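Novice: Starting from these lines, generate the structure:
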Amino acid sequence: MVNDYLQPPKVTRKMQIGLERFEAIHDDLDRLHARNPHELMRALEVHAIRDCAEMAARASLFRTESRWGLYHARVDFPERDDAAWLCHAQLKKDEHGRMSSFKRPLEPYIVPIADRDQDAYRRLRIAVPADPVAA
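Specialist: This next block holds a predicted model:
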């Protein structure tokens, strides 16, 4: 299900549907039972996978830009937006167990990065699509 709803390029509506599915599954997990330690481990693993899927959906919906190449490419937000998103986007649970997202400023690098290297990843990307006629 994670691949079905969260695989890039990411589409907001698909991520919202995925989040709804992950939330619906949460209540179903209370019906799991285990007859032995192995089944208990597998049942707890399902809980962890579902939690990670919800975290991935919420974090992806929170960051309204594309970043890190294909990894977080948003169809509806195709450009990188350093003005709003050059930060740590984090997720936490509140006192009621609900997940919420927030931004935290970047700390200075421990090892300074030269100005010319700060944009190295973007320079690796091909900015202009290939002309299919010329190929």
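
Novice: Any buried residues in stretch 25-33, and which?
Specialist: Residues Ile25 are the ones in stretch 25-33 that count as buried (16 or more other Cβ atoms under 10 Å). (Each C-beta comes from the backbone N, C-alpha and C, glycine too.)

Novice: Out of the helices and strands in this protein, which is least certain?
Specialist: The helix or strand of the chain with the lowest confidence, counting by mean pLDDT, DSSP states H and E, is helix 120-124 at a mean of 74.

Novice: Go ahead and measure how far that one is from the middle of the chain.
Specialist: Distance of helix 120-124 from its chain centroid, counting by Cα atoms, centre = their mean, to the nearest Å, is 21 Å.

Novice: same check, this time on stretch 4-11
Specialist: Taking mean C-alpha positions (Cα atoms, centre = their mean), stretch 4-11 and its chain are 9 Å apart.

Novice: follow-up on the earlier one: and the least confident helix or strand of the chain, C-alpha only, in CSV?
Specialist: As requested, the backbone C-alpha atoms of helix 120-124 are provided in CSV (Å, rounded to 0.1, in the frame of the first residue of the first chain):
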residue,chain,number,x,y,z
ALA,A,120,26.1,20.3,-6.4
TYR,A,121,23.1,18.0,-6.4
ARG,A,122,21.0,20.3,-8.5
ARG,A,123,23.8,20.7,-11.0
LEU,A,124,23.8,17.0,-11.6
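
Novice: continuing past the longest helix anywhere in the chain, what's the next helix or strand?
Specialist: Counting residues, the longest helix in the chain under DSSP state H turns out to be helix 37-62. Heading C-terminal from helix 37-62, the first helix or strand you meet, by DSSP states H and E, is helix 82-85.
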